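# The sequence and its predicted three-dimensional model are supplied below.
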Amino acid sequence: MGLFGRLMGRDLPERRDARRIYFRLLEQSRDTDFYGHGKLEDTYDGRIDAIAIHFAVMMERLREEGDDGRLLSQALFDEMKDDFEIALREEGISDTGVKKRIKPMIGHFYDRLKAYSEALQSEAAKERLSEIFDLETSDSPDDFQRRLSTYMVAWLDNLHQQPMKALTEARFSFPSV
């Protein structure tokens, strides 16, 4: 169920849970520690990368929950897509313009999500993650890549210890970057 369903008063439990999780992930992905010279660019693409980093970890954890995890993952994705559409509309973009812009945004997000998820599932997750980060060059770009890789793996390890109820209530913490 998307934006239309919410406007019509239908709000499924998984959408409420996904909304709580989504806004928690969104808030974290906007932390200034992720952006700057030698880090993620503070652009649409950089911000999509930051949210994809957090989605990949959360969705990897939800994978353990079987059907409930898949349902919540889909609701989480739907919540993000609805939020992207709302943001574009708030910029004054027409329906036609939203359709044109949302497709590449979602495509970029999905590409990053897939790469991060595959890396998280590998035996050498930290190394694989470091290799795929597309960051600006700086005096020591590898330092941030390693810290970001460590951040993702540490957060996933922490989430593995959390029960589903803590996740649905967005009661989880993030390691430092």
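Here it is on my side, so go on.
# Return the per-residue confidence for the residue nearest the centre of the chain.
The centre of the chain sits closest to residue 55, judged by Cα atoms, centre = their mean, with a distance of 2.8 Å. At residue 55, the pLDDT value in this model is 97.
# Let me know whether it touches residue 25 as I believe.
Yes: using Cβ atoms under 8 Å, residue 55 makes contact with residue 25 at a distance of 6.6 Å. Bear in mind the C-beta positions are built from the backbone N, C-alpha and C, glycine included.
# hang on, the earlier thing: who touches the residue nearest to the centre of the chain in this structure?
25, 76, 77, 80, 109, 113 (Cβ atoms under 8 Å, 6 or more residues apart in numbering).
# Rebuild these as CSV, extending it with neighbour count, distance to residue 95 and secondary structure.
Putting those into CSV (neighbours: other Cβ atoms under 10 Å; distance: Cβ to Cβ, whole Å; DSSP: H, G, I helix; E, B strand; the rest coil) gives the following:
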residue, neighbour count, distance to residue 95, secondary structure
25, 23, 27, helix
76, 22, 24, helix
77, 18, 21, helix
80, 21, 19, helix
109, 20, 21, helix
113, 20, 26, helix
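# between those residues, which is closest to residue 151?
Using Cβ to Cβ, residue 25 comes nearest to residue 151 of the contacts of residue 55, at 13.4 Å.
# Pull the contacting residues for the nearest residue to that closest one once chain neighbours are set aside.
Nearest-residue entry for residue 25: residue 54, 4.2 Å, with adjacent residues in sequence omitted and distances by Cβ to Cβ, 6 or more residues apart in numbering. For residue 54, the contact set (Cβ under 8 Å, 6+ apart) comprises 25, 28, 29.
# Swap in 10 Å and give it another go.
Residues in contact with residue 54, defined by Cβ atoms under 10 Å, 6 or more residues apart in numbering, are 21-22, 24-29, 34, 116, 152, 155, 174.
# how near is it to residue 155?
From residue 54 across to residue 155, the span is 8 Å (Cβ to Cβ, to the nearest Å).
# what touches both of these two?
Joint contacts of residue 54 and residue 155 (Cβ under 10 Å, 6+ apart) are 28, 174.
# how about stretch 53-64: buried residues?
53, 54, 55, 56, 57, 58, 59, 60, 61, 62 (16 or more other Cβ atoms under 10 Å).
# again with stretch 15-24
15, 17, 18, 19, 20, 21, 22, 24.
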